[in-house]
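> Got a predicted structure here, sequence first:
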Amino acid sequence: MNRVLVVEDEKLIRKGIVTMLSRVPVPIGEVIETRNGLEALEVLQNQKVDLVITDIRMPKMDGIQLVRAIQDVPDKPYVLVISGYDDFNYAVEVLRQGVKDYLLKPVEREKFYEVIQSVQQDIDGRDAKNEISKKIGSQQLKYLLLNKNIRKDEIDAIERLFHNIIPDNAYYICCCHNAADTIFSEEDLLILRDIGKQDLLILQKKQLDQMMNDGYRNKSMGISRLHHGMEELSAAYAEALKARQEAFAKCLPFYHFEEASYEYESVPEDFADQFVQLFGTQRAEEGIRKFDNIRFKARKNLIASDTLLEITKAILQNLIMTYERIIEFDVEELQKFNEPLNYENADQYFERLESWIRKKQQLIMEEFDDYRNKEKINMAVNYIKENFRSDLNMAVVSNSISMNYSLFSLNFKQYTGMNFVNYLKKIRIEEAKRLLEETEEKIIDISQMVGYENEKHFMKTFKSVSGVSPSEYRRNNQTIRKEIKD
């Protein structure tokens, strides 16, 4: 039970009731004390109360008058009357007004606890029923919002369902990313969550005024014009969404929809392509500065907010199409950036987007540097294959491609899977095997032909790689050929 109102003009009795309430086996959020019906009615007109415990005889406004007045309170509380024996004749009257129970003074503690527990059970049952009704109603409102071909009888049925929530059928729709932390309780507010990734609040004028004065800050909320009737709900939603885009781009806490009558500046149709072309170069910051200028103009209402959102979407799409084969893109991260209105405002969104773009730019530049290194190593491999017959070493090869000696050594091993010496040895021995198989050249000549000036060094190296000497290799190869021929 959230709030209980005790109405009793005698202070001692009032404090006794409050003490008993503190000991009931039911959690109570707040107990408010008043001395008469007028004070109680003022509380009821400004706050939602779950239970009123009232005396009958009081100055200014007695208990019976208060009970009658409670019938007109929007959120009618349960009522428990506590009074003396002499007032028992009033019991029939107050019970006729829908009072939960009537207790005589002095109140029996166990009977008091029993009544309070009964009230709590009724409240729980009512809240559960209201919650179910509200969920069903919310689904119907979503259907009404998103279905353009809804029938008139369906609209009328939904309108009847919500006539208590929207008195006079006059309302505003407010659109924001997250409707949490409102100044209203969920019971007092009609919220439709996750409509096009946004939350919608359906508010009366006094609720809207109160919210703008005391409620949301930095929510970039879009507010529709005043609408009447559920048949206007879809139009109100479109206005609120458009106003939400304006509030987002301009970084305003609120923006009221208005028909656009501005002469907006245009943006080059190929701006997204230009941005992506700069992205993979040292001029990426130039592209970001140009993008920031468009953001600034949208904030100053020189460029339409939907133009800003369209350009942002195009830039993301073009970046992915151009570079998805070079670097990895996190799908979940991209999904967030593809929905700018999932962020409170443009400052929050673009701060994170540009940070992400700069990180991807760094990856691209690193990847391009790696690509250029691979190209150079490939040139080195071709150089070795063409010049292995000469006196070749790593310094000569690294100089031929203009690469630092240490960097060359590291990249060469990463690219070929072996160090320079072993790679050169592999190329030379492979050529030596070919010459031994296909020619009758002397071994001493072959050693020189593959880059070894010293025959003994060649023969030792050949055996360490092949497991046999050059002469044995030639002989074994000739024997195999003869067997195949026969």
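Great, that's in hand.
> Quick one: list the elements packing against the helix or strand hosting Val381.
Taking DSSP states H and E as the criterion, Val381 maps to helix 346-387. Identification of packing neighbours for helix 346-387 by 3 or more Cβ pairs under 8 Å, 6 or more residues apart in numbering; DSSP states H and E yields helix 233-250, helix 271-279, helix 284-299, helix 305-323, helix 331-337, helix 394-400, helix 405-416, helix 420-438. Every residue, glycine included, has its C-beta placed from N, CA and C.
> Could you identify which of those helices is most buried?
Compared across these, helix 233-250 shows the largest average neighbour count, a mean of 22 (mean count of other Cβ atoms under 10 Å).
> State the next helix or strand along the chain beyond that helix.
Helix 233-250 is succeeded, C-terminally, by strand 254-256 (DSSP H and E).
> ok, Ser400 - contacts?
379-380, 383 (Cβ atoms under 8 Å, 6 or more residues apart in numbering).
> Then Ser305?
Here Ser305 is in contact with 245-246, 248-250, 298 (Cβ under 8 Å, 6+ apart).
> Just give the closest residue to it, not the sequence neighbours.
Leaving aside its chain neighbours, Ser305 sits nearest to Ala249 (3.8 Å; criterion: Cβ to Cβ, 6 or more residues apart in numbering).
> and the gap between the one you found and Ser224?
In this view, Ala249 and Ser224 are 18 Å apart by Cβ to Cβ, to the nearest Å.
> Same check on Leu363?
For Leu363, the distance to Ser224 (Cβ to Cβ) stands at 43 Å.
> Name the residues of stretch 445-461 that are buried.
Within stretch 445-461, the residues scored as buried using 16 or more other Cβ atoms under 10 Å are 446-447, 449-452, 455, 458-459, 461.
> Check the average confidence over that stretch, would you?
With pLDDT averaged residue by residue, stretch 445-461 scores 93.
> Quick one: end-to-end distance for it.
15 Å (Cα to Cα, to the nearest Å).
> chain center to that stretch: distance?
68 Å (Cα atoms, centre = their mean, to the nearest Å).
> Quickly find the element holding Arg475.
In this assignment (DSSP H and E), Arg475 forms part of helix 470-485.
> which residues sit against that helix?
Here helix 470-485 makes contact (Cβ under 8 Å, 6+ apart) with 432-433, 436-437, 443, 446, 458-459, 462, 466, 468.
> Next one: Phe88, what pLDDT does it get?
For Phe88, the model assigns a pLDDT of 58.
> go on, Gln140?
66.
> again with Arg475
For Arg475, pLDDT reads 90.
> next one: Lys482
pLDDT at Lys482 comes out at 74.
> what residues are up against the nearest residue to Phe388 once chain neighbours are set aside?
Nearest residue to Phe388, sequence neighbours excluded (Cβ to Cβ, 6+ apart): Ile427, at 4.9 Å. Ile427 makes contacts with 384-385, 388, as judged by Cβ under 8 Å, 6+ apart.
> Distance of Ile427 relative to Pro59?
112 Å.
> if we can go back for a sec, can you tell me which of the contacts of Ser305 is closest to Val115?
Phe248 (52.3 Å; Cβ to Cβ).
> quick one: that closest one and Ile303, what's the gap?
14 Å.
> Domain map for this structure?
What automatic domain parsing lists as the domains of the chain is 3-125, 147-256.
> Which one, of these, ends up nearest to Leu316?
Taking the domains of the chain one by one with Cβ to Cβ, domain 147-256 is closest: 16.0 Å.
> Got the phi and psi for Leu200?
phi -120, psi 130 (degrees, to the nearest 10).
> Kindly state the beta-bridge partners for it.
Leu200 has these beta-bridge partners by DSSP bridges: Cys175, Leu192.
> can I assume it is in contact with Ala240?
Yes: taking Cβ atoms under 8 Å as the definition, Leu200 is a contact partner of Ala240 at 6.8 Å.
> shared neighbours, the two?
With Cβ under 8 Å, 6+ apart, Leu200 and Ala240 have common neighbours 173-175.
> so which of those residues is the most crowded?
Highest neighbour count within the shared contacts of Leu200 and Ala240, by other Cβ atoms under 10 Å: Cys175, with 32 neighbours.
> quick one: contacts for it?
Cys175 touches 198-200, 221-224, 237, 240-241, 243-244, counting by Cβ under 8 Å, 6+ apart.
> How about stretch 369-376, which residues are buried there?
373, 376.
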